[in-house]
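Peer 1: Structure here, sequence nowhere to be found:
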Ligand SMILES: [Zn+2]
Ligand SMILES: [Zn+2]
Ligand SMILES: [Zn+2]
C-alpha cells in the first residue's frame, strides 16, 4: 500500500474468460481487454503472466467447470486471482470463487485492489507455506471466506473446498484446527453443529436404542402388563396362559384392568433378558471405527463459515514472522523440556536449602507482528535484532533461556533475590518501550515475572509457567 | 321394661318347645309347605344344575379350534363422562384373538359433551391395540337407550353383538367365553353374569352383591343347565346379530331387554333346537344403587317391567306352540309363580298370622322361618363359593351377611308385590322409563 511497485504500470488489466459459447466474452459488457478460452489447457499454453488478471468461468457451457476452478485455484500462477462465475453456481464453486460476475460493478477496480494487496501481502515475500497462501488469499479477496460444504463422504460431514485445493500437508481438519488454535481465523456464521466420535472424530454415527440392562440391540415395542398383586412388569405374551392372563411371577389370574393389572408405561422389551423399560439407552455407534459411545460423550463440533481474524489479517500482511524470534535462540538457549527440567530441579533444591533464591521472567513479544506491519519486514527485523542484543547484555552466563509458542521467551535466573528479579524485569520492560521509540507503537511486548518467594511448595515448574502464561493472555 | 322381657322370654319358650307339640310348631308347619313345595324344588333344580355344570366343566374336552367371529360391542352412553373410558378400556383389553368393533353411541351428544370428548380422546389409545376398533356415534336428538341400541345395530359389522351399558366393565376373558357358545348354531344369545363393582360402599351394596351372587348368578347357572334362562340383563347381553336383525332390533318402550328376550324365545316353538345359553365366566361389573331410595326405585321398575311383560305385552306369546313346553313351564314356574305369586302369598300369610295369633307366636314363627331361610341361603352360598365363584377371596368377605340376608330377601318380596300393584294401577312402566315421553308415545302398544 505504501509504495507502488513499478511493474503495476507495465502490466495491463485483463479478463480471461472460459466458455464454449462463441462471443461470450464480448457479451459480458466489460470494457477491459478480454480473451476467451474453451478449456483450461489453452490458458496453460499461453506464456503471459497473470498478476493483473481476473477470470470469468461460464458454468453453463463448460463440461466440468468445477474441475477448471479447482485447477485455477491450485495453479501457483493463478491461484490468487479473482475468479467470477456466470450461471448457476453450486455450493462448492461458490466456496472457491469470488461470486457471480453480474454482481460486480467495476471489475477493473476489483482486480486492481486485489493485485495491490497481493503485492504487499506477506511482507512482500513470496508465500512459503500453505498458511501464507490461504491467509493472503483471504486477505486479498474480501468477498471470500472459508465456506463449509455439506458432504456425506467427509469425515466431519462438512468440508472446506478452499482448504482442500490449497492443502499441501496434513489433513484439512488438522490444518483448520491449527488455524483456529492460533486464532488466525474466526467463526463468522454458524452453519451447523455436528457430533463426532470421540475416538476417531468421524461424524458418521448410527444411533441405536439398546436395553438399559444388558446393552442388547434386540429390543422391540411390545405391550406389557403390570401385576397388582406382586408388582411384576413383563411383556404381555409372558402372561398369556390358555386364553387367560396370569402372572408368571405370582400366578395370580389377571381378570380386569384397573383391578388386577394395568398397562405399564414401559413398553419396550429386551429380546435378550426380557427386561421391560420405558426408554432404551441410546448408543452412538461410529461407522468408521466401530466404537459405541454414550451420546453425551460425543464431541460437538460447530461448523462455521470462517473469515480472517484481526490476528489473521496481521499475519497475512506481515507473513510468517516466526523465524524472526530465532535471534533469541542464540542467548543461553536450552530446549523447553530442559528448561522445565532445570526449573523443577531448582524448585526441589529449594525444599532442602531454603536460602536458595531464584526467579522466572517471561518476555511476551506480542507487539512484534504490529511492528513488522508498521515498519516493514526489513526495519522490523533490524529492530528485533537490536532488542535481542540488548537482552543478551542483561543476561548472565548462568541464566537459562528458552522459547515457547514463537513469541514467549523465558528466563530462569538462579541465585537471584526477589529484588534482583524485580530490577531485571523493570529493565527489560523499559527496553521493550525504548526499542520502539520513534515509531507509532508504544512497546514491543510485556514482561511478567515471579521470584521463588512467590512460588509455593505445591507448585511444579509447569504450574508456575502456566500461571505466568495465563497472566499474559 | 318387664313387659318386653316377658315377651322375649315367651318367644324363647316357644322356640325351646319347638321339639314338643306346640301351637307355634303347627303354625310353622303351615308355612313350611310354601318353602317345601315352591322353593325347595327350585333350589333343588338349581343345585342339580350347578352340579351338572360343574362336572360338565371338569370333563369337558377343551375345544380350542379357532373360532373367532367378529364381535361388535354397542355401548350406550349418556351422561357418564369420563366413566365410559373404563368400559371401553375393558373391551380393548379383551384377550379375545378376533376382531372387536366397539360402537359407542352417545345419546343426546349436545347435553353430554364430556362423554363425547372422553370417547374421542381415547382414539390414540385404541391405535395401540391390534384388531380393536372404536366408532364414536354422537346422536343429537335424545332418543333413549333403545334408539341408541338400534343405531348401533345398523352400523354393526360383527357376527356377534354385545349390548352393554356405559357404566359396566368386563373381565378380559368375557368375549372369549361368550363368543365360544356361538359355535353351536342353535345358540341365539348368551346371557352373561354381573357382579357388583361398588360392593364395599355400604351395607346395601353388600346385600346386593350377595343377592347377585346367590339369587341371580347361581340361579342362572343352575337354570341355564335346563335351558331356563328367562332374561338377558340390559347391562350386558350377547346376541347373534342376524337374529336381532330378524326380530327387528329393540322395540321402543320400556323393559326392552326382557322384551327382546321374550321375542327371541318366540322362535323356540318353531325351532326347538334354539336356545339361550348362560355363561357364568362371562363376567361384567356394574355399579348398583348405593342408596335405599335409588335401590327401591330400581326394583320398582324391574319388577313392574316383569309383570308388564308377562301379563300384558306377551301374554299371547306364552303358549306351548310359540315357545315350547319346557320354556312355558319354566317361565310359569320361575317367572310367574316364584316372582309374582310367591310375594303375594307370603304377604297375605304374614298378615293373616298377625291378625289371627298372639304377637309372641308371630315373632317366634318369624324367627323360625328366617332361620330356615338362612340355612337355605348358607347352602346356596357354599354351593356358589365352591362350584362357581372365580373370586373366592372377595366372596368370602360377604359370608357374615348370610344370617341377615333372609330379612333382605323378605323385604324384596314385599317390595315386589308393591311393584306389581303399582304397575297394575298406575302403568308405572311408562313413567319410570329412561326414555322421554315422546318416544314412548310412538310405542306400538
Ligand atoms: Zn436386556
Ligand atoms: Zn404377580
Ligand atoms: Zn470412531
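Peer 2: Ah, there it is. What you see is a predicted model, and the numbers here were worked out from it, not measured in a lab. Ligands and ions are numbered 1, 2, ... in the order given.
Peer 1: What sits closest to whichever residue of chain B sits closest to ligand 3 if chain neighbours are left out?
Peer 2: Residue nearest to ligand 3 within chain B: residue B:128 (37.7 Å; Cβ to the ion). (C-beta placed from N, C-alpha, C; glycine too.) Once flanking residues are discounted, residue B:128 sits nearest to residue A:223: 7.1 Å by Cβ to Cβ, 6 or more residues apart in numbering or on different chains.
Peer 1: could you list every residue that touches the one you found?
Peer 2: By Cβ atoms under 8 Å, 6 or more residues apart in numbering or on different chains, residue A:223 lies in contact with A:235, A:236, A:263, A:267, B:128.
Peer 1: measure it to ligand 1 for me?
Peer 2: Separation of residue A:223 from ligand 1 (Cβ to the ion, to the nearest Å) stands at 18 Å.
Peer 1: Please apply the same query to residue A:86.
Peer 2: 61 Å.
Peer 1: Quick check, that residue in contact with residue A:100.
Peer 2: Yes - in this structure, residue A:86 is within contact of residue A:100 by Cβ atoms under 8 Å, at 7.1 Å.
Peer 1: more neighbours, these two?
Peer 2: residue A:86 (22 against 16; other Cβ atoms under 10 Å in any protein chain shown).
Peer 1: give the contact list for the residue lying closest to that one once chain neighbours are set aside.
Peer 2: Of all residues not flanking residue A:86 in the chain, residue A:58 sits nearest, at 4.9 Å (Cβ to Cβ, 6+ apart). By Cβ under 8 Å, 6+ apart, the residues touching residue A:58 are A:17, A:18, A:19, A:20, A:21, A:24, A:65, A:85, A:86, A:87.
Peer 1: want to throw these into TSV with pLDDT, secondary structure and distance to residue A:151?
Peer 2: Output for the contacts of residue A:58, formatted as TSV (pLDDT from 0 to 100; DSSP: H, G, I helix; E, B strand; the rest coil; distance: Cβ to Cβ, whole Å):
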residue	pLDDT	secondary structure	distance to residue A:151
A:17	90	strand	29
A:18	90	strand	25
A:19	90	coil	28
A:20	89	coil	28
A:21	87	coil	30
A:24	84	coil	31
A:65	90	helix	18
A:85	92	strand	20
A:86	89	strand	25
A:87	88	coil	22
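Peer 1: For these, which single residue is the most surrounded?
Peer 2: residue A:18 leads the contacts of residue A:58 on contacts (other Cβ under 10 Å) with 27 neighbours.
Peer 1: Next, the contact list for that residue, please.
Peer 2: A:36-40, A:43, A:55-58, A:62, A:65, A:68.
Peer 1: Mind checking the pLDDT average for the longest strand seen in chain A?
Peer 2: Counting residues, the longest strand in chain A under DSSP state E turns out to be strand A:185-196. When pLDDT is averaged over strand A:185-196, the result is 92.
Peer 1: what inclination does the following helix or strand past it have with respect to strand A:185-196?
Peer 2: Using DSSP states H and E, the helix or strand that follows strand A:185-196 in sequence is strand A:205-210. For strand A:205-210 against strand A:185-196, the angle by axes from the mean of the first three to the mean of the last three Cα atoms, to 10 degrees is 40 degrees.
Peer 1: hang on, the earlier thing: show me which of the contacts of residue A:58 is closest to ligand 1.
Peer 2: residue A:65 (55.0 Å).
Peer 1: The residue nearest to that closest one when sequence neighbours are not counted - how many residues pack around it?
Peer 2: Among residues not flanking residue A:65 along the chain, residue A:59 sits closest, at 4.5 Å (Cβ to Cβ, 6+ apart). For residue A:59, the neighbour count with other Cβ under 10 Å is 20.
Peer 1: Ok, residue A:67 next?
Peer 2: When neighbours are counted by other Cβ under 10 Å, residue A:67 comes out with 11.
Peer 1: Output the contacting helices and strands for whichever helix or strand it is part of.
Peer 2: Here residue A:67 sits within helix A:65-74, counting by DSSP H and E. Here helix A:65-74 is seen to pack against helix A:40-45, strand A:53-58, strand A:82-86, helix A:91-96, helix A:161-166 when contacts are counted using 3 or more Cβ pairs under 8 Å, 6 or more residues apart in numbering or on different chains; DSSP states H and E.
Peer 1: ok, of the ones you listed, where does mean pLDDT dip lowest?
Peer 2: Here the helices and strands packed on helix A:65-74 differ in mean pLDDT, and the lowest is helix A:40-45 at a mean of 78.
Peer 1: And that helix, what's buried?
Peer 2: Using 16 or more other Cβ atoms under 10 Å in any protein chain shown as the burial criterion, the residues of helix A:40-45 that qualify are A:40, A:43.
Peer 1: Quick one: the helices in the stretch 301-450 of chain A, in order.
Peer 2: Taking DSSP state H, counting those that start in this stretch as the criterion, the stretch 301-450 of chain A contains helices spanning A:310-318, A:336-352, A:368-375, A:377-394, A:418-434.
Peer 1: Bridged to the residue in the stretch 201-350 of chain B that chain A sits nearest to, which residues?
Peer 2: At 6.9 Å from chain A, residue B:285 is the closest residue in the stretch 201-350 of chain B, using Cβ to the nearest Cβ. Beta-bridge pairing for residue B:285 (DSSP bridges): residue B:169, residue B:195.
Peer 1: That one is in contact with residue B:167, isn't it?
Peer 2: No - Residue B:285 is beyond contact range of residue B:167, at 9.5 Å (criterion: Cβ under 8 Å).
Peer 1: Quick check on those two: which one has the bigger neighbour count.
Peer 2: Counting neighbours by other Cβ under 10 Å for residue B:285 and for residue B:167 shows that residue B:285 has the greater number, 25 against 19.
Peer 1: pLDDT at that one, what is it?
Peer 2: Reported pLDDT for residue B:285: 92.
Peer 1: next one: residue B:81
Peer 2: On pLDDT, residue B:81 comes in at 85.
Peer 1: And residue B:12, by the same measure?
Peer 2: At residue B:12, the pLDDT value in this model is 76.
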